[in-house]
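*Asks:* Curious how this folds, go ahead:
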Amino acid sequence: TMASLLQRTSTSAVSVVPPSIRHHNLTLLLWKSSARSSSSSSLHKNTPTSNDTMARLQPLSNKRRRRESRRHFQTQADFQQWRRNVRDSALLMFRPQKEVEQIRMEPLDLPTAAPFLQSVAPMADQLLLAGVKDATPSSPRDSLLECTYPLESNDILRYSVTDFSDWSAFRLGKFYELVDALTADVAYRHVASSSSGSGKEEVALVTAGHYHSRKYTRTDLNKDATLRSYVTKVGRSSLEVRTDGWQDDDRLINVCHTIMVALDPQTMKPLSRVGKALPPLIIETDDDRQRMQLADQHQQIRLDRSKNAMQLRNKVSAPPTFDEMQELHAIHRHRALQREQEGLIIDGTTSSSCAPTVREYTFRSSRVIFPEQRNVHGKLFGGFVMSEGQSLAQYTATFFAMGKPIVSMGIDEAIFLQPVALGDMVTFTARLVHATATTCRVNVTVEVRDPAAPSRVPVRPNRLVFVFGGDFSDRPQVIPETYQEILMHVDARRRHAVEGPWDEEVQGILQELASSTLQKPRISPESLNRIYSASTMQLQ
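*Replies:* Got it, this is the predicted structure:
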């Protein structure tokens, strides 16, 4: 199919494609052919309209791509300004105490007010939940839920979330577990504002993805940590829920934006397709308006990225640019010359002086999904996917760092395309696809495998991209080999160029850790005995 595509695309294109052609060379030829065409329509005018493969692979025209890309973060300054806007717009933070007291936050019964959190958190009875009681949750403040981890006074809880990093001491996988459940509870609180009872009979909410999550400051496990989730924007069949993690009342630690999609329970179609809509969000303050503007920006960025995505199975798939492929070609050529000078290696491994490949930093883990991992809808809890993916990504980044300390910085995105049912066989694959002197990105795909047909291609795998910082100055550049790895590498490289993290940011974190006198949390023997007793009772 690809060879015939080259023949039909342009009279000046290569007429015969050798069977041994490399994937990236094929993309280079495709790019040259499209560049010679005056427009996208002339590029495909000789292509039969019945050819579904051609329709799926058509690239965006240069004019359209330039128009769409203007809405992305264009420079590092744009991204830094966005981060400042997100920080300054946090609900109830950096505000006068009088304004905060007007919200009338009260303790809530966790099993009643947050059933998703109750169903997935093994230590939910140790958490503290607060919100507005007996309110019609139509504004961000009314639907807000605030969950506190009493780390300062609860040794067992502190032990359950501890990570090995001093800067990301609160395990990032645990943070995303809580975010995934808490955002669902907040979304249902908002939906309940226009329906009788809990509102869960009239609409089914599913998590589409988590986006734009990056740590701001370090976490201190000797102090309580609070997560505050609230709605920022509502459309006809989707809504954005923002979660802020903070300590000391005014120190923002982490932010995550989650997209929930509302489905009709009978047809399982989005509400907008069945003539229904979610209850609107009431905007009361300038801060609410600023957060809604940020949500509009996030939505536009997601739309633009979907139009410019390089995933091969998307309806519209854009190849890497000519310059990007030339750079990859030069990297592969340099590596080939290195291997030739040192002598060919029969088993395909590389010597210490040769740049490693993505394949050498690819790790997998597989799980069977059991009932205790389900959410209230009977599907796999999305927080479990986030936690497992983050653990495998951290494992991969640690191997690349050769045991040096690394810092979990956050995620670029976590997109859920395929629901996972009980009994499914799930495989997590982590690939370190891009690295600089101070950062690396690990792409994790989550695929449902069919044991009756192991060779069948998984349907719409879920994908997550994690960001880590550390001292990788003595590590060589990682080289992608397969075309799938090339696309992941190019996407990660584009993100790093604009969204970082950059060298000075990571170096500042490493210097802070080196000079820090913060004491690591210690667990007393009495606490360890209580943990052991609680685990024994749970097993019994």
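
*Asks:* only C-alpha atoms for contact and neighbour calcs from this point on.
*Replies:* OK.

*Asks:* any idea how far the residue nearest to Leu294 when sequence neighbours are not counted lies from Phe79?
*Replies:* On the basis of Cα to Cα, 6 or more residues apart in numbering, the spatially nearest residue to Leu294 that is not a chain neighbour turns out to be Val86, at 7.6 Å. Separation of Val86 from Phe79 (Cα to Cα, to the nearest Å): 11 Å.

*Asks:* where in the stretch 251-400 of the chain is pLDDT low?
*Replies:* 343-353, 376 (pLDDT under 70).

*Asks:* pLDDT weak spots in the stretch 51-200 of the chain?
*Replies:* Residue ranges of the stretch 51-200 of the chain with pLDDT under 70: 51-72, 93-103, 135-137, 193-200.

*Asks:* Could I get the full set of strands for the protein?
*Replies:* Assigned strands in the chain, in chain order: 105-107, 128-132, 145-149, 204-215, 225-234, 238-247, 251-263, 362-368, 406-415, 425-435, 439-449, 462-470 (criterion: DSSP state E).

*Asks:* which residues are in contact with the first one?
*Replies:* If you take Cα atoms under 8 Å, 6 or more residues apart in numbering as the criterion, strand 105-107 is touched by 128-133.

*Asks:* cutoff 7 Å now
*Replies:* Around strand 105-107, the neighbours that count as contacts under Cα atoms under 7 Å, 6 or more residues apart in numbering are 129-133.

*Asks:* next one: stretch 498-517
*Replies:* Under the contact criterion Cα under 7 Å, 6+ apart, stretch 498-517 has outside partners 73-76, 79, 438-439, 469-470.

*Asks:* Mind doing that once more with 10 Å?
*Replies:* For stretch 498-517, contacts defined as Cα atoms under 10 Å, 6 or more residues apart in numbering pick out 72-80, 83, 165-167, 214, 217-218, 405-407, 409, 412, 436-440, 467-471, 492-496.

*Asks:* Which among those residues count as buried?
*Replies:* Buried residues within the contacts of stretch 498-517, defined by neighbour count using 16 or more other Cα atoms under 10 Å: 72-73, 76, 79, 83, 165-167, 214, 217-218, 406-407, 409, 412, 436-440, 467-471, 492-493, 496.

*Asks:* Tell me how many other residues crowd Pro356.
*Replies:* Pro356 has 20 neighbouring residues, counting by other Cα atoms under 10 Å.

*Asks:* check contacts around the residue lying closest to it once chain neighbours are set aside.
*Replies:* In this structure, Pro356 finds its nearest non-sequential neighbour in Val478, 5.3 Å apart by Cα to Cα, 6+ apart. Residues touching Val478, when contacts are defined by Cα under 10 Å, 6+ apart, comprise 331, 354-361, 400, 432-436, 440, 489.

*Asks:* Buried among those residues? Need that as a selection in PyMOL.
*Replies:* Command for PyMOL, covering only those of the contacts of Val478 found buried under the criterion 16+ other Cα under 10 Å:
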select buried, resi 331+354+355+356+357+358+359+361+400+432+433+434+435+436+440+489
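
*Asks:* Could you list which of the contacts of Val478 belong to helices?
*Replies:* Using DSSP state H, the members of these that fall within helices are 331, 400, 489.

*Asks:* quick one on the thing from earlier: can I get the strands of the chain in a markdown table including distance to Leu92?
*Replies:* A markdown table is the format used below for the strands of the chain (distance: least, Cα to Cα, whole Å):
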| stretch | distance to Leu92 |
| --- | --- |
| strand 105-107 | 11 |
| strand 128-132 | 13 |
| strand 145-149 | 11 |
| strand 204-215 | 19 |
| strand 225-234 | 10 |
| strand 238-247 | 10 |
| strand 251-263 | 11 |
| strand 362-368 | 40 |
| strand 406-415 | 23 |
| strand 425-435 | 37 |
| strand 439-449 | 32 |
| strand 462-470 | 28 |
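
*Asks:* Minimum distance to Ile301: which of those has it?
*Replies:* For the strands of the chain, distance to Ile301 was read as Cα to Cα. The smallest value, 10.5 Å, belongs to strand 204-215.

*Asks:* and the angle from that closest one to strand 406-415?
*Replies:* Computed with axes from the mean of the first three to the mean of the last three Cα atoms, to 10 degrees, the direction of strand 204-215 lies at 150 degrees from that of strand 406-415.

*Asks:* what packs against strand 204-215?
*Replies:* If you count contacts as 3 or more Cα pairs under 10 Å, 6 or more residues apart in numbering; DSSP states H and E, strand 204-215 packs onto helix 172-191, strand 238-247, strand 251-263, helix 286-307, helix 382-400, strand 406-415, strand 462-470.

*Asks:* Average pLDDT for it, rounded please.
*Replies:* The average pLDDT for strand 204-215 rounds to 92.
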